[in-house]
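Student: take this sequence and fold it.
(one chain, ligands or ions: 2)
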Amino acid sequence: MKIYAFNEAGAPASEAEIETPRPTGHEVLVRITRSGVCHTDVHIQKGEIAPAFPCVAGHEMAGEVVAVGDAVTSARPGDVRVVFPWIGCRACAECRAGQEQRCPAPQTLGVRRNGGYADHVLVPHEEYLVDIEGLNLTWAATLACSGLTAYRAVNKAVRGDLDDEIVVIGTGGVGLMGIAVLRALGYRRFTAVDVDDDKLATARELGATRVVNSAKGDARAEILELTGGGATAVVDFVGTSQTAELGYQVLAKNGSLVIVGLFGGELRIPLQQMPLKNLTVSGSLVGSLGDLAEMVALAKSGRLPHVPIIEKPLGAAAVNEALDGLAQGRVPGRIVLTA
Ligand SMILES: [Zn+2]
Ligand SMILES: [Zn+2]
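Tutor: Ligands and ions are numbered 1, 2, ... in the order given. Predicted coordinates:
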């Protein structure tokens, strides 16, 4: 089988041939037909996340089961599935509680184990496959990371009142998925914030009630006015000092800021406000296998708007081109590689 691997930190993906693994026990071999490109892969390529090289990145995988181990009962060749990549050790308390993405010893596909920039992926257990029957394959692949991440972060930030004021900062691939999730869940008042008018136009098409270009004028004052004094939930899909600070500044009393983006920086906040306004600031990293099943069900319900996706044929050149585009912030929506 072919892999498109980073051989060292900072190196572009290069094609290599390795022996196709044979699944044993509960393992399943999936032929990759869709492989989404995530901004996290830019950090993996730079050597900021992956513990070792060579690394076959790519964690938004959809495809067809082609072989199963002798203990597999819930999957068979021909099944079309999305792969849950956020696998843990399967033994610790988090894993046993179904929160493998929080495992202190992660085995993530596309980070610690070979992922989706390849012909095939060896999935360690059949239970990491979710049925995507009836869904557009390309869109379904993006549910494994951008969809899952947005779903968990939005659900962490909101408190269930559909008339609450919600602010989404950042309208790249994951931020747009956050807007799609809010729309699907029935929220009526959410504001999208970005520095790019084209991305904001897409956010509006997906259902954002209002948009704010934070590069123009006083974004803080504008958001406070639009939200009638502040938001109960802010999800920061960028994660810079500026975006997190803006998010904190526009929180209403009892508000919650959830930071998702990995851009990096520091957050300096006036501490007295935290207890006096009863504020919460937290981070959110991807989601659980249960969250992915819920997200797929939401997609199957027909209520989840489609985020724009660009398709390119799977190969080393496309991986590198996509990662360069993401690193430079010039990708509208999501890129999915097809095979
Ligand atoms: Zn990702
Ligand atoms: Zn674990």
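Student: could you look up the SS state of the residue in the stretch 101-250 of the chain positioned nearest to ligand 1?
Tutor: Nearest residue of the stretch 101-250 of the chain to ligand 1: residue 145, at 3.2 Å (CB to the ion). No exception for glycine: its C-beta is placed from N, CA and C like everyone else's. Counting by DSSP: H, G, I helix; E, B strand; the rest coil, the backbone at residue 145 sits in helix.
Student: residues contacting it?
Tutor: Counting by CB atoms under 8 Å, 6 or more residues apart in numbering, residue 145 touches 36, 38, 40, 59-60, 85, 174, 286.
Student: would you mind listing what in the protein touches ligand 1?
Tutor: 38, 40, 145 (CB under 5 Å from the ion).
Student: now those residues in TSV, with pLDDT?
Tutor: Output for the residues of the chain next to ligand 1, formatted as TSV (pLDDT from 0 to 100):
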residue	pLDDT
38	93
40	90
145	96
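Student: residue 224 touches residue 246, doesn't it?
Tutor: No. With contact defined as CB atoms under 8 Å, residue 224 does not count as touching residue 246 (10.7 Å).
Student: looking at those two, which one has more neighbours?
Tutor: Each of residue 224 and residue 246 has its neighbours counted (other CB atoms under 10 Å); residue 246 has more, 22 against 16.
Student: surely the more buried one and residue 214 touch.
Tutor: Yes. If you go by CB under 8 Å, residue 246 and residue 214 touch, sitting 6.6 Å apart.
Student: which one of the contacts of residue 145 has the most neighbours?
Tutor: Busiest of the contacts of residue 145 [other CB under 10 Å] is residue 60, holding 31 neighbours.
Student: flag every residue of the stretch 1-150 of the chain that's near ligand 2.
Tutor: 88-89, 92, 95, 103.
Student: just the buried residues of those residues.
Tutor: Using 16 or more other CB atoms under 10 Å as the burial test, those include 88, 95, 103 as buried.
Student: residue 29: which of these is nearest?
Tutor: residue 88 (21.0 Å; CB to CB).
Student: hang on, the closest one is in a strand, isn't it?
Tutor: No. Per three-state DSSP, residue 88 lies outside any strand segment and is coil.
Student: okay, it: pLDDT?
Tutor: As predicted, residue 88 sits at a pLDDT of 97.
Student: dump the residue contacts of the nearest residue to it once chain neighbours are set aside.
Tutor: Counting by CB to CB, 6 or more residues apart in numbering, the nearest residue to residue 88 once its immediate chain neighbours are dropped is residue 103, at 2.7 Å. Residues in contact with residue 103 (CB under 8 Å, 6+ apart) are 87-89, 92, 94-95.
Student: any common contacting residues for residue 246 and residue 214?
Tutor: 169, 193.
Student: from residue 307, how far out is the residue of the stretch 201-339 of the chain found nearest ligand 2?
Tutor: Closest approach between the stretch 201-339 of the chain and ligand 2, counting by CB to the ion: residue 288, at 12.0 Å. Residue 288 is 21 Å from residue 307, where distance means CB to CB, to the nearest Å.
Student: got the CA positions of stretch 331-339 in PDB?
Tutor: Written as PDB, here are the backbone C-alpha positions of stretch 331-339 (Å, rounded to 0.1, in the frame of the first residue of the first chain):
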ATOM      1  CA  VAL A 331      -8.600  27.800   2.400                       C
ATOM      2  CA  PRO A 332     -12.400  28.600   2.300                       C
ATOM      3  CA  GLY A 333     -14.000  25.700   4.200                       C
ATOM      4  CA  ARG A 334     -12.500  22.200   4.200                       C
ATOM      5  CA  ILE A 335     -10.200  20.200   1.900                       C
ATOM      6  CA  VAL A 336     -10.900  16.500   1.400                       C
ATOM      7  CA  LEU A 337      -8.700  14.300  -0.600                       C
ATOM      8  CA  THR A 338     -10.500  11.600  -2.600                       C
ATOM      9  CA  ALA A 339      -9.400   8.100  -3.800                       C
END
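Student: doesn't residue 126 make contact with residue 26?
Tutor: Yes. Shown here, residue 26 and residue 126 form a contact pair, counting by CB under 8 Å, at 5.5 Å.
Student: so the two - more neighbours on which side?
Tutor: The neighbour comparison of residue 26 against residue 126 (other CB under 10 Å) goes to residue 126, with 22 against 19.
Student: please tell me how far that one sits from residue 116.
Tutor: 18 Å.
Student: neighbours of the closest residue to residue 79 other than its chain neighbours, how many?
Tutor: Take residue 79 and drop its neighbours on the chain: the residue closest to it by CB to CB, 6+ apart is residue 65, 4.3 Å away. Residue 65: 21 surrounding residues under other CB under 10 Å.
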